[in-house]
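Enquirer: structure of the sequence below:
(chains A and B)
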Protein chains: 2
Amino acid sequence: MIDLCILGTIGGMPVINKFMSSTIINVNGRKILIDCGEGTQLAMRKIGWGFKSLDMICITHSHGDHTVGLPGLLATIGNSGRTEKLTIIGPNGISEIVKGLNVINPYLPYELEIIENTNNTLRFMTTNTKMSLCNESERSNLHLSCMELDHSAKCLGYSFYFKRLPKFSVEKATQNKVPKILWNKLQNKESLEYEEKKYFPSMVLSDERKGIKLSYITDTRPIKDIKEFIKYSDLFICEGTYGSNEDMEKAIKNKHMTFSEAALLAKEGVCHELILTHFSPALENPESFSNNATNIFKNSLVASDGLIKTLNYSD
Amino acid sequence: MIDLCILGTIGGMPVINKFMSSTIINVNGRKILIDCGEGTQLAMRKIGWGFKSLDMICITHSHGDHTVGLPGLLATIGNSGRTEKLTIIGPNGISEIVKGLNVINPYLPYELEIIENTNNTLRFMTTNTKMSLCNESERSNLHLSCMELDHSAKCLGYSFYFKRLPKFSVEKATQNKVPKILWNKLQNKESLEYEEKKYFPSMVLSDERKGIKLSYITDTRPIKDIKEFIKYSDLFICEGTYGSNEDMEKAIKNKHMTFSEAALLAKEGVCHELILTHFSPALENPESFSNNATNIFKNSLVASDGLIKTLNYSD
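Expert: Now for the predicted structure:
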């Protein structure tokens, strides 16, 4: 089970009584934050999911409405007692941005690991005490992919695949004559040697089960590669800077999307559900344009600040 | 007449429904901001004094609760249409802090002039269209002095003296036989030569009248030099991180002040009025400790976010 909260929904510049576009994901109690505009730490405080367990921050791009909350948040995480490494992921150049903004925190009590745009899928192992990068031979349960978007700054879309780990199968373990003493260890490790014989986790585990795919796309024009990138997402969170189709010219000029463009991506990407966010500050009542999305992709939702969503595994 | 607004009153870290400790001063429509924590631009938006006319930002020190709102604010000022230079003043090292935080604004449409701690009084000329640094020979109407405070980072206190410019005196002009054709020019310039004779502004202007002194002290222990620095202030705005005298140990450890320490400074500095601000986030109801200040210095006020104060010239 994955919980997420749309912490804020505003793009561009801060407005009163709303938070900047940002989302937090809760996986076994460990947290991933996507984007961090001014005030994001307050939106986090409001929902009370804590700061110490934030293991990863994914930044879409360097623009202030997605980044300037970082120095304050990193300081607050320091005050929360965290000493474990925190991973920040972003497009090429994000190291310089984080280094610059972080000038006010010369002595953070934890290490920052910064990963710039990578074409490789990043693998993480998440337990209820930590989330950390791992290599292919380890038993990862979160795969993170990035794609380059089309905005006025280098910008990344993110796709998270939360793997569902195979169940332990007594039937398979018995069939493969695995000594009982190894069962528990094999369930958590790659391989073991016992009495001169090799044993593998696959000898005690069921086949892999369907995981959860969550895609996150902001800020960008609806370029065609997005369709493949978000394919079959259980949840597709997408920018909808403009509600009205009449704002198409602005959307093209400012490299953003309208609600209907986002909905078309959700439809073409065969997603299960679409949540629209990152609204222009001029869009006073985004909900009033929801038809522009639902007419194209029925399972569309116009987010409001603090919206909580639970994603369940399908079996 | 000088208007000011205590934009926020919280020190340390952001809390919900309150703004970070920051003050804006309005002089003839031109604005000076003191400190800029996360969300200060929102507090500014709330009072509606505008962004374009902000000519000077005084930063007390580099700590995040006083600085991390800068990059967002500087971007918003850029979007307001400002093209005139903006002056930022702060302690030694502030250039690096501003340069770091400003990494997200590579193309601001105006110049940033950064002045680090100076022992000299800075002189400004303020009209209703601009506020700019000037030299001794020019007719300055704002003098700004700084003093080094005692905090866990290099920190500056500020003292503003808003000069009241002399009135034009027909009597003096006539007495000094100043040709009428020079009256208007002499009122606005230092000196003139006309028909081989030199004329000075003092030949047409009354004696200088009492101005307004405003002192701003945060974050610091109550070191003895403050008393002289704030002497005879019409308004002394001072940190009162802790309301209760029982928090003296924390105040000493964290290099802050209690309400009663701030009130004692106001008394010893023979100030006219004290406004307390920069409250610890743990201080839920600062007003309930106001007696700790008023018992020592009667004309003390515990600030709340958005408090507006008008300072009038005495004659």
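
Enquirer: the closest residue to A:N135 other than its chain neighbours is in what secondary structure piece?
Expert: Take A:N135 and drop its neighbours on the chain: the residue closest to it by Cβ to Cβ, 6 or more residues apart in numbering or on different chains is A:R123, 6.9 Å away. Where you see a C-beta, it was placed from the backbone N, CA and C, and this is true even at glycine. Mapping A:R123 onto the secondary structure by DSSP states H and E places it in strand A:122-126.

Enquirer: what ranges do the strands span in the stretch 51-200 of chain A?
Expert: A:54-58, A:86-90, A:112-116, A:122-126, A:131-133, A:142-148, A:156-164, A:192-194, A:197-199 (DSSP state E, counting those that start in this stretch).

Enquirer: hey, least reliable of these by pLDDT?
Expert: Among the strands of the stretch 51-200 of chain A, strand A:192-194 carries the lowest mean pLDDT, a mean of 88.

Enquirer: count the residues that sit near the residue of the stretch 101-250 of chain A found nearest chain B.
Expert: Residue nearest to chain B within the stretch 101-250 of chain A (Cβ to the nearest Cβ): A:V103, separated by 2.9 Å. By the measure other Cβ atoms under 10 Å in any protein chain shown, the count of residues near A:V103 is 21.

Enquirer: can you check A:L264 too?
Expert: Counted with other Cβ under 10 Å, A:L264 comes out at 17.

Enquirer: then A:E228?
Expert: If you count neighbours by other Cβ under 10 Å, A:E228 ends up with 10.

Enquirer: now the one 3 residues further on
Expert: Taking other Cβ under 10 Å as the neighbour definition, A:K231 ends up with a count of 15.

Enquirer: ok, the nearest residue to A:G269 once chain neighbours are set aside - contacts?
Expert: Among residues not flanking A:G269 along the chain, A:I230 sits closest, at 4.0 Å (Cβ to Cβ, 6+ apart). By Cβ atoms under 8 Å, 6 or more residues apart in numbering or on different chains, the residues touching A:I230 are A:G157, A:S159, A:S215, A:I217, A:F236, A:L265, A:A266, A:G269, A:C271.

Enquirer: quick check: A:L311 touching A:K213?
Expert: No - taking contacts as Cβ atoms under 8 Å, A:L311 lies outside contact range of A:K213: 9.3 Å.

Enquirer: more neighbours, these two?
Expert: For A:L311 versus A:K213, the count of surrounding residues by other Cβ under 10 Å is larger for A:K213: 21 against 18.

Enquirer: which of the three states applies to the more buried one?
Expert: strand (DSSP: H, G, I helix; E, B strand; the rest coil).

Enquirer: beta-bridge partners for it, please?
Expert: Applying DSSP bridges to A:K213 gives these bridge partners: A:Y161.

Enquirer: doesn't A:D234 make contact with it?
Expert: Yes - A:K213 is within contact range of A:D234, at 5.3 Å (criterion: Cβ under 8 Å).

Enquirer: got the CA positions of stretch A:160-179 in CSV?
Expert: Extracted C-alpha coordinates of stretch A:160-179, given in CSV (Å, rounded to 0.1, in the frame of the first residue of the first chain):
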residue,chain,number,x,y,z
PHE,A,160,8.0,5.1,-9.8
TYR,A,161,7.4,1.4,-10.0
PHE,A,162,6.7,0.0,-6.5
LYS,A,163,7.4,-3.6,-6.9
ARG,A,164,5.4,-6.1,-5.0
LEU,A,165,7.8,-8.6,-3.6
PRO,A,166,7.0,-12.3,-4.2
LYS,A,167,5.3,-14.2,-1.3
PHE,A,168,7.0,-17.0,0.5
SER,A,169,5.8,-20.3,-0.8
VAL,A,170,6.0,-23.4,1.5
GLU,A,171,4.9,-25.5,-1.5
LYS,A,172,7.9,-24.3,-3.6
ALA,A,173,10.3,-24.5,-0.7
THR,A,174,9.3,-28.1,0.0
GLN,A,175,9.3,-29.0,-3.7
ASN,A,176,12.9,-27.6,-4.0
LYS,A,177,13.9,-29.5,-0.8
VAL,A,178,15.2,-26.3,0.9
PRO,A,179,16.1,-27.0,4.5
